[in-house]
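**Q** structure of the sequence below:
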Amino acid sequence: MFRIGLIGCGEYCSHTHAQALSKMEHVELRAISECIYPSELARRQQQFCIPYAFLRYQDMLSSVELDAVVISTPHALHFNQTKDCLKLGLHVLVDKPPAFRAEDIQALVDLANSKGCYFLVASQRRYDPLFRCLRERAHNGELGKLNYIEFHYGRSMSSDFATSWRNNPVLSGGGVLVDAAYHMIDSLLWVTNDHPLRVRGGLKKNETQVHTSASLTLELMEDALVNISVHLEMPPNMVWEEIGFYGSKGTFLYQRTSLPDGIPSARLIEIRLGQHSCKDIQNNKEIDQAPVRNFISAILDQEPVVSSGQESINTVRTIEWIYQELDKQSGE
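**A** Here you go, the predicted model:
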């Protein structure tokens, strides 16, 4: 039996990592720790039938024999928690970002390699068939030379945002650029295999302690222009997302909307070689559970790693660079 410990098990983890692990054969959710929402600890322990529960993850690591750990805590805690687990020879899956600095992630990668451990980051979009199809289209030349790329994402702010850890700049790392925009930047680098040369834009707070809006224009090495926008100022219970890749031979456009009535809709429009298609897409709720499935399968030598810690280095390095460039521009 493969023994798993959970460091953090809030709402997201309980619907994704923990839910998937609880249904896997030969996997035991053996221990859980939760320091951010201690009142939830007993409920999550009972929900997933976990034998041992702790408020401090250090006590869990020193008291229970484990093979691997899944970390789903505020961003600022990821680095030290991952490091402590890897030092003990435990395989680790951690939510993004694994650290705020690229050099710290490299240190984790080196530590994992020295211990013979798997170290994965939950970059969900690398598992999404939609994004895998987009990447294939871009890499095999079906879209031609990419000229313009857009990522736009908006949703309403959660009712408890003001008092949550996401509104704490120390715990969250500053807001949307390291949160929702992380997935956009990771997807951009992964799909295009390119890197930005220049960036302009701005970050905004909406009576909050962290940035809740970001608007960026980037120029890639291969000349494509990229627009990235994220904002948490939509009306209540709304989500809107649009992704477009526009090339000399084709266009790949994805649009998703979730309205206050709770009915989501999504469609994909493709134009290639003079032909076009438009189809509705069902929301795949299994995608968020894919990283932990890959984590276990990789450890068992059943499939290759999809989202390694090594690959997260370029994403975090790019986010660091964007912050630095925007700081320079604000001082001009």
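**Q** residue ranges of the helices in this structure, please?
**A** In the chain, helices defined by DSSP state H lie at 11-15, 17-22, 41-47, 57-63, 78-87, 102-115, 129-139, 169-172, 180-192, 290-299, 309-330, listed in chain order.
**Q** got those helices as TSV, with mean neighbour count columns?
**A** The way it works is simple: take the backbone N, C-alpha and C, and place the C-beta from them, glycine included. What follows is these, written out as TSV (neighbours: other C-beta atoms under 10 Å):
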stretch	mean neighbour count
helix 11-15	16
helix 17-22	21
helix 41-47	16
helix 57-63	16
helix 78-87	21
helix 102-115	18
helix 129-139	17
helix 169-172	16
helix 180-192	22
helix 290-299	21
helix 309-330	18
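**Q** and of those helices, who's closest to residue 155?
**A** helix 180-192 (8.1 Å; C-beta to C-beta).
**Q** right, and the helices of the chain - which one's nearest residue 271?
**A** helix 129-139 (11.2 Å).
**Q** quick one, the closest one and helix 180-192 angle?
**A** Orientation check (axes from the mean of the first three to the mean of the last three C-alpha atoms, to 10 degrees): helix 129-139 against helix 180-192 gives 40 degrees.
**Q** pLDDT weak spots in this structure?
**A** 331-332 (pLDDT under 70).
**Q** distance of the residue of it most remote from its centre from residue 252?
**A** Relative to the centre of the chain, and counting by C-alpha atoms, centre = their mean, the farthest-placed residue is residue 274 at 34.8 Å. Computed with C-beta to C-beta, to the nearest Å, the distance linking residue 274 and residue 252 is 15 Å.
**Q** try residue 110
**A** Residue 110 is 37 Å from residue 252, by C-beta to C-beta.
**Q** go on, residue 149?
**A** For residue 149, the distance to residue 252 - C-beta to C-beta - is 10 Å.
**Q** find residues that contact each of those two.
**A** Residues touching both residue 149 and residue 252 (C-beta atoms under 8 Å, 6 or more residues apart in numbering): 244, 245.
**Q** strands of the stretch 151-300 of the chain, residue ranges please.
**A** Assigned by DSSP state E, counting those that start in this stretch, the strands in the stretch 151-300 of the chain fall at 196-204, 213-220, 225-231, 239-247, 250-258, 264-272, 275-280.
**Q** do you know which of those strands lies nearest residue 144?
**A** Counting by C-beta to C-beta, residue 144 lies closest to strand 239-247 out of these; the figure is 4.2 Å.
**Q** can you give the distance of the closest one from its chain's centre?
**A** Strand 239-247 sits 18 Å away from the centroid of its parent chain (C-alpha atoms, centre = their mean, to the nearest Å).
**Q** any chance you could list what contacts that strand?
**A** With C-beta under 8 Å, 6+ apart, strand 239-247 has contacts from 134, 137-138, 143-156, 187, 191, 234, 251-258, 264.
**Q** and the angle for that strand with strand 264-272?
**A** When the same axes, to 10 degrees is applied, the directions of strand 239-247 and strand 264-272 differ by 0 degrees.
**Q** mind exporting strand 239-247 as CSV, just the C-alpha atoms?
**A** C-alpha atoms of strand 239-247 as CSV (Å, rounded to 0.1, in the frame of the first residue of the first chain):
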residue,chain,number,x,y,z
VAL,A,239,-16.4,33.3,-14.7
TRP,A,240,-15.3,34.4,-18.2
GLU,A,241,-12.3,33.1,-20.1
GLU,A,242,-11.0,33.5,-23.6
ILE,A,243,-7.9,32.1,-25.2
GLY,A,244,-6.8,32.8,-28.7
PHE,A,245,-3.8,31.7,-30.8
TYR,A,246,-3.7,33.4,-34.2
GLY,A,247,-1.3,32.2,-36.8
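**Q** between that strand and strand 250-258, how many degrees?
**A** Interaxial angle of strand 239-247 relative to strand 250-258 (the same axes, to 10 degrees): 180 degrees.
**Q** quick one: strands adjacent to strand 239-247?
**A** Sheet pairing for strand 239-247, assigned by DSSP bridges, gives strand 146-155 (antiparallel), strand 250-258 (antiparallel).
**Q** alright, calling it a day.
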